[in-house]
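Novice: sequence-free structure coming up:
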Ligand code: UDP
């Protein structure tokens, strides 16, 4: 396996279907992909978004105070984290939910030491609640947690095959990058992750691989070193 320990960033939005906020079929698909690498001995930390339920910026458009909305968004990530824990445990994978926002009846409080202990034991760790602070995103939370747990890479699962020079869902001529530096990603203003997440990676030399999580088997391919997605690094 290419990496010993990874931080998988999953979007909340991809859990949604036309009828369901958290679609059980999509949840099961997420869990099967994660199981495929956990079974091979890869230590897996997961940060999941909350965009299927609530986003602070959406609330702001409706007149909801930004900070109030951000906390609602962070709670949404807890809901998704609990759903993913249930789905993983159904596949026989032991998963712990740790939260940066205290909701202690349903999650454990995020602690770097505890997270690492669970990972070393071979369990999956879902770190939800974002950073625990408003004005951040779950992408920034993913990089922060990856650095805390000393992951080898952030694997950002998306619904497109990697990073393109324009939106491939809108422009059929869009071209995919095989590799980018953080400086290139920032200067081209590519909307892959927010600046906070990128600068954290750049300053701490954290590798990111952006790949299509909706294609079964892709996550395992990233781990076996196949040319899937776009690699973003300092060099
Ligand atoms: N959020 C926040 N602080 C964080 C992480 C998330 O305030 O550290 C809030 C923010 O309002 C965001 C929402 O949680 O809109 C849901 O997260 P995100 O939009 O990143 O989820 P995704 O789009 O990945 O599903």
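Specialist: That came in fine, so what should we check first? Just so we're clear, the structure is a prediction, and the values are computed from it rather than from any experiment. Numbering: from 1, shown residues only.

Novice: now residue 233: how far from residue 227?
Specialist: 15 Å (C-beta to C-beta, to the nearest Å). All C-beta atoms are positioned from the backbone trio N, CA, C, and that covers glycine.

Novice: Of the two, give the one with the bigger neighbour count.
Specialist: Here residue 233 and residue 227 are set side by side on neighbour count (other C-beta atoms under 10 Å), and the busier one is residue 233, at 16 against 9.

Novice: Can you name the residues that contact the residue lying closest to the more buried one once chain neighbours are set aside?
Specialist: Closest residue to residue 233 apart from its sequence neighbours, by C-beta to C-beta, 6 or more residues apart in numbering: residue 207 at 4.9 Å. Under the criterion of C-beta atoms under 8 Å, 6 or more residues apart in numbering, the neighbours of residue 207 are 152-154, 201, 231-233.

Novice: How much space separates residue 127 from the ligand?
Specialist: Remark: distance between residue 127 and the ligand (C-beta to the nearest ligand atom, to the nearest Å) = 11 Å.

Novice: hey, what's the residue nearest to residue 233 bridged with?
Specialist: Using DSSP bridges, the bridge partners assigned to residue 207 are residue 153.

Novice: Ok, the one 4 residues further on next?
Specialist: The bridge-partner assignment for residue 211, based on DSSP bridges, gives residue 157.

Novice: right, and it touches residue 229 too?
Specialist: Yes. Taking C-beta atoms under 8 Å as the contact criterion, residue 211 and residue 229 are neighbours in contact, 3.0 Å apart.

Novice: ok, these two, which is more surrounded?
Specialist: Under the criterion of other C-beta under 10 Å, the comparison of residue 211 against residue 229 puts residue 229 first, with 26 against 23.
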